[in-house]
Structures are given as structure tokens and as C-alpha cells.
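Engineer: Structure for the following, please:
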Amino acid sequence: MSYMVGFGSNFPQKVHHRGPSIVPIKQDKALVTCQGGLDVWFNSQSPNPNDLEGAIVGGSDQSDNYDNSWSNFWQAEPATTTLLGFSPASPELYGGHRH
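Structural biologist: This is a model prediction of the structure:
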């Protein structure tokens with residue numbers, strides 16, 4: 001499983017973030033209230049209507065399991081702190097260090 005949204009064939013479909021979890025305004029012009037976002041979109045069983053492409057979520061639990069649900073903020077929350085271990089490895093993963 002990939003913990004980066006949009007990377008590979010098996011990545012998080014329900015990122016705990018308002019932006020990807022609500023339909024784009026270009027598709028539906030209806031006002032989405034805070035409660036409406038929670039009732040209609042957050043509690044939906046469907047994948048995110050928008051991908052948060054490139055976001056890295058928290059990852060697996062101590063048993064190497066991942067619960068792909070919006071309510072699971074421990075694992076499904078994208079955060080900049082998640083990148084701490086990934087950033088130093090990125091140059092090597094994408095072609096090695098160049099001088």
C-alpha cells in the first residue's frame with residue numbers, strides 16, 4: 001500500500017481533509033455548510049470526490065494495518081510532519097544525488 005495519495009494502484013481513498021472530501025463547486029454549486037459537509041460528505045462510504053494528489057497520510061498502525069476511513073484521523077490525516085522521513089530519501093529514490 002502507498003501512503004501517498006495518487007501514487008501506485010493502492011493509495012488512501014478517504015483522506016481526513018475537507019478539500020478532497022467534498023464535491024468541487026464546479027460540479028455542484030450548492031452551498032455546503034459545516035454540518036452539511038459532515039452529514040453528506042464526511043459520513044459517505046464513497047471515495048473522495050477530489051484527490052489530494054501527493055499528500056502523504058499518517059500510515060499504518062503498530063500492526064501494519066491501515067483503516068481507510070475519514071473518521072480515522074490518526075492514520076488518514078495528511079500533515080507536513082509526515083514528510084520528515086520521506087524528504088531526505090526523495091533525491092535517492094528519484095535518480096540519485098546530483099552534484
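Engineer: going forward, measure contacts and count neighbours with C-alpha atoms only.
Structural biologist: Fine.
Engineer: Grab the most central residue of the protein for me.
Structural biologist: For the chain, the residue nearest the mean C-alpha position is Val15 (3.4 Å; C-alpha atoms, centre = their mean).
Engineer: That one is in contact with Ser69, isn't it?
Structural biologist: Yes - in this structure, Val15 is within contact of Ser69 by C-alpha atoms under 8 Å, at 7.4 Å.
Engineer: okay, and the common contacts of these two?
Structural biologist: Shared contacts of Val15 and Ser69, defined by C-alpha atoms under 8 Å, 6 or more residues apart in numbering, comprise Ala76.
Engineer: Which of the three states applies to the nearest residue to Asp67 once chain neighbours are set aside?
Structural biologist: Computed as C-alpha to C-alpha, 6 or more residues apart in numbering, the closest residue to Asp67 that is not its neighbour in sequence is Gln75, at 7.3 Å. Gln75 carries the three-state label helix when classified by DSSP: H, G, I helix; E, B strand; the rest coil.
Engineer: pLDDT score for Gln75?
Structural biologist: Looking at Gln75, its pLDDT is 90.
Engineer: swap in Asp64?
Structural biologist: If you check Asp64, the pLDDT there is 92.
Engineer: quick one: the residue nearest to Gly6 when sequence neighbours are not counted and Thr81, what's the gap?
Structural biologist: Leaving aside its chain neighbours, Gly6 sits nearest to Glu53 (5.3 Å; criterion: C-alpha to C-alpha, 6+ apart). Noted for Glu53: a distance of 17 Å to Thr81, by C-alpha to C-alpha, to the nearest Å.
Engineer: ok, now Ser46?
Structural biologist: Counting by C-alpha to C-alpha, the gap from Ser46 to Thr81 is 27 Å.
Engineer: What's the local residue count around Ala55?
Structural biologist: Using other C-alpha atoms under 10 Å, Ala55 has 20 neighbouring residues.
Engineer: mind listing what it touches?
Structural biologist: Going by C-alpha under 8 Å, 6+ apart, Ala55 touches 4-5, 78-79.
Engineer: give me that answer again for 7 Å
Structural biologist: 4-5, 78 (C-alpha atoms under 7 Å, 6 or more residues apart in numbering).
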